[in-house]
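Student: no sequence on this one, just coordinates:
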């Protein structure tokens, strides 16, 4: 399995799930309360839902760009700016789903031309605070790209659940239903 084979399907599956959760939130939430939902947090010092969605998109776009050896696209800076300011300007659920759709399109487009990446390829990962991590491509995917992405996706899921949106494990792993052996699903009776 190649490193892009680990990232691309994960990003596509989980961003698709995140968009579906937001659609459920829009359906289930009280009319006119979307902004309050987007401002919800798990803890006072955590980012709100609107930021978690945008940062999940950042992680997916960044992971693909770094593996390709590309410069980070301008959309990442836009998402980071939106995410950092989400407490003042959370946007709408439609805005969040649009950002997810844009990210899905970027990942899908990049997936077609992903080079075969040598796992030992060096990647210098700089953070805004000035810290720089020197990693191999394999370490970057395993120890940064996937965990950071899942952190934001899971935080969004947890916020939605904490706000009373009816989501369950099947919503989180909806992509697994394609692999379900016929006749093994529990009956609804």
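Tutor: Arrived safely, thanks for sending. Everything numeric here is computed off the predicted structure, so don't read it as measured data.
Student: Only C-alpha atoms from now on, for both contacts and neighbour counts.
Tutor: Fine.
Student: Helices of this protein, start to end?
Tutor: For the chain, helices defined by DSSP state H occupy the ranges 3-28, 34-39, 49-68, 74-84, 93-112, 137-139, 146-162, 169-172.
Student: show me where pLDDT drops low in this protein?
Tutor: 32, 188-189 (pLDDT under 70).
Student: Can you give the distance of stretch 125-133 from its chain's centre?
Tutor: In terms of C-alpha atoms, centre = their mean, to the nearest Å, the centre of stretch 125-133 is set 21 Å apart from its chain centre.
Student: tell me how far the ends of it are from each other?
Tutor: 5 Å (C-alpha to C-alpha, to the nearest Å).
Student: cool, stretch 41-57 as well?
Tutor: 18 Å.
Student: picking up where we left off before, figure out which of the helices of the chain is closest to residue 123.
Tutor: helix 137-139 (5.9 Å; C-alpha to C-alpha).
Student: ok, back up a step: the helices of the chain into TSV, with extra columns for distance to residue 119 and mean neighbour count?
Tutor: Below are the helices of the chain laid out as TSV (distance: least, C-alpha to C-alpha, whole Å; neighbours: other C-alpha atoms under 10 Å):
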stretch	distance to residue 119	mean neighbour count
helix 3-28	7	18
helix 34-39	38	20
helix 49-68	10	24
helix 74-84	24	16
helix 93-112	17	17
helix 137-139	5	19
helix 146-162	15	19
helix 169-172	29	13
